[in-house]
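>>> Return a 3D structure for these sequence lines:
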Amino acid sequence: MNEGTQYDYIIVGAGSAGSALAYRLSESGAKKILLLEAGKASHPYSRLPVSFGLLIDNPAANWRYFSEPEAGTANRAIPVPRGKLLGGSSSINGLVYVRGQTLDYETWAQLGCRGWSWSDVEPLFQRMENYEKGGDGVRGKGGALSVTEVPDQNPLYDALFDAAVEAGYKRNADYNGPDQEGIVKTQATIWNGRRMSTAHCYLRPAMKRTNLHVVTEALTLGLILEGRRCVGVRYTQGGREQEARSGGEVILSAGAIGSPQVLELSGIGKGEVLREHGIEVLHELPAVGENFRDHINARIQWKVTAPGVSYNERAQGINLVGQVLRYLTTGGGFISLPSAPLLAFLKTRPELETPDVQLHLVPYAVKDPKRRKLHPFPGMTVSCYQLRPESLGSIHIRSSDPRTQPAIRFNFLGNSNDRETMVAGFKMMRRIVQASPMDIFRGEEYSPGPGVDSDQEIENWIRENSETAYHPIGTCRMGPSSRAANAVVDENLKVHGLDGLRIADASIFPTMPSGNTNAPSIMVGEKCADLILSER
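Numbers count the residues shown, from 1 in each chain. You can find the predicted model right below:
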């Protein structure tokens, strides 16, 4: 065993939060920082926006987790992609940038997480943003993370905007501003046709600093505890087990799947889970791996009758060569798109204060069930998920071997409100596409088809066909000390009952932010850095 070097801070995981944290902690140059990443440094495709499709099942860049078969997914094992590179899932995700609603963060504060209200986190979002329309006091300009509105133009988009308005929904100029509601052009972590992962925006500049040491292909075996204090990390690289010691703190940023796994492998968690796998209970913390949430995502596909508007035509065969040339010369076209160029944040019931569903409107259709290739016919897709699901699942180790993937249990649709909201959102997708501005574009509904019509038929189809939207959160939930039995970290991201250990990633979210989770995860990395530096 190589005992390695002493560091001031050790960060486990170079994903969305970990990369931002490493950038901020290393800025002064005064402290020595180690950043451990289990994945590789990069992949040739990761700079391309369209890599969200190219790498979704590639073991070189993706952990390729699978969920446990459950009733909520008709006993199917659901793929759970997670990034396995510097930048984590920001290097393979759909690039959709969503801050969330003011309500989300006010709820966190109301749950006892002081310092996490909207007035506390909005400056962090502004600080991290380099938004092309920013600098107005609401949106940031000049930050590390570049964000642009999708520039792609398409008559199909215009028809979808008009159809949504006819169906009773409004347009919105900036869903990351004061009001999220409406149909919008997507804001994406793309700049000049390049993916803006946290590896590119935060970590590459930080790696030029001599006080930051980044180690890739380093699988964490466990944390080193001395009494109630975390003093280091055990990891393996190149077949050798090594240790790194911290004189300050260890920060887990391994994500909502990785962070609870590392804790449990280290003897921190629910005693019955640890003992089942022969792990000594060093610190009983029953909330580890619990309170897991994700978005279940339901899709409808239509054939498109108007020529030249679907990327099923534009990006296949000889036309794909044209898309490649367009990307190389202008940075535009199919290769430069996020997973959805249009979004809609809508209310399923008029009495709601804020939107409760998010729709993704996509100018192409992909083959089910794996969705790896485009259909041969011109098509389009609209997908929907409930913004704030209430069903709670869990993620726990199934072995003391860190190479064994944990057991992921979504418990999708376990809550009646979740079921009702998803059925209502499904109907809203149809209502928009069936509006008259879509008449010249809309062909037959290919999947699931008009035969799936009643509430029960829709719910059954969602169970049998839907997958995750790739937004796992909550497994190391944040909560005050008075509620430590149902939380893992306090409002300062310190693990309850231990010294020298914090967690900074999407696992700490007390509830689901209203939208895609990459932006809030980066914000958590920024916030954690501020908390650490303010105590220095």
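>>> How many residues are close by Pro84?
That one is not Pro; residue 84 is Lys. 24 (other CB atoms under 10 Å). C-beta: built from backbone N, CA, C; applies to glycine.
>>> List the residues that contact the closest residue to it other than its chain neighbours.
In space, and not counting its chain neighbours, Lys84 is closest to Gly39: 3.6 Å by CB to CB, 6 or more residues apart in numbering. Going by CB atoms under 8 Å, 6 or more residues apart in numbering, Gly39 touches 14, 61, 83-86, 88, 216-217.
>>> Quick one: buried ones out of the residues you listed?
Buried by 16 or more other CB atoms under 10 Å: 14, 61, 83-86, 88, 216, out of those.
>>> just those now: which is nearest Gly255?
Of all the buried ones among the contacts of Gly39, Gly255 sits closest to Gly88, with 6.5 Å by CB to CB.
>>> tell me the contacts of Ala38?
Contacts for Ala38 (CB under 8 Å, 6+ apart) come out as 13, 84, 217-220, 254, 258.
>>> any idea how far it lies from Asp294?
21 Å (CB to CB, to the nearest Å).
>>> repeat for Thr381
20 Å.
>>> The two: who's more crowded?
Asp294 (27 against 21).
>>> Report the contact partners of the more buried one.
Counting by CB under 8 Å, 6+ apart, Asp294 touches 389, 393, 410, 412, 468-473.
>>> if you set the cut-off to 10 Å instead, what comes out?
Applying CB atoms under 10 Å, 6 or more residues apart in numbering to Asp294 gives the contacts 67, 78, 80, 256, 385, 389, 391, 393, 408, 410-412, 467-474, 512, 517.
>>> Check Asn172 too.
By CB under 10 Å, 6+ apart, the contact list for Asn172 reads 179-185, 343-345.
>>> quick one on the thing from earlier: reformat the contacts of Ala38 as CSV; add distance to Ser51, secondary structure and pLDDT.
Below are the contacts of Ala38 laid out as CSV (distance: CB to CB, whole Å; DSSP: H, G, I helix; E, B strand; the rest coil; pLDDT from 0 to 100):
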residue, distance to Ser51, secondary structure, pLDDT
Gly13, 20, coil, 98
Lys84, 13, coil, 98
Glu217, 20, coil, 98
Ala218, 23, coil, 98
Leu219, 23, strand, 98
Thr220, 25, strand, 98
Ala254, 22, coil, 98
Gly258, 21, helix, 98
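>>> Now list the buried members of those residues.
13, 84, 218, 220, 254, 258.
>>> Residue ranges in the chain under the pLDDT threshold?
Residues of the chain that meet the criterion pLDDT under 70 lie in 1-4, 368-372.
>>> Check which residues of stretch 64-84 are buried.
65, 67-68, 70, 72-73, 76, 78-84.
>>> let me redo that: stretch 137-151
Buried, per 16+ other CB under 10 Å, within stretch 137-151: 139-140, 143-151.
>>> nearest to Asp505, of those residues?
Leu145 (16.2 Å).
>>> Identify the residues contacting that closest one.
Going by CB under 10 Å, 6+ apart, Leu145 touches 16, 20, 90, 97, 125, 127-131, 189, 191, 196-198, 200-202, 518-519, 522, 526.
>>> Nearest residue to Ile408 in space, please, no chain neighbours.
Nearest residue to Ile408, sequence neighbours excluded (CB to CB, 6+ apart): Ser67, at 4.4 Å.
>>> cool, Glu491 as well?
Nearest one to Glu491, counting by CB to CB, 6+ apart, is Cys113 at 4.7 Å.
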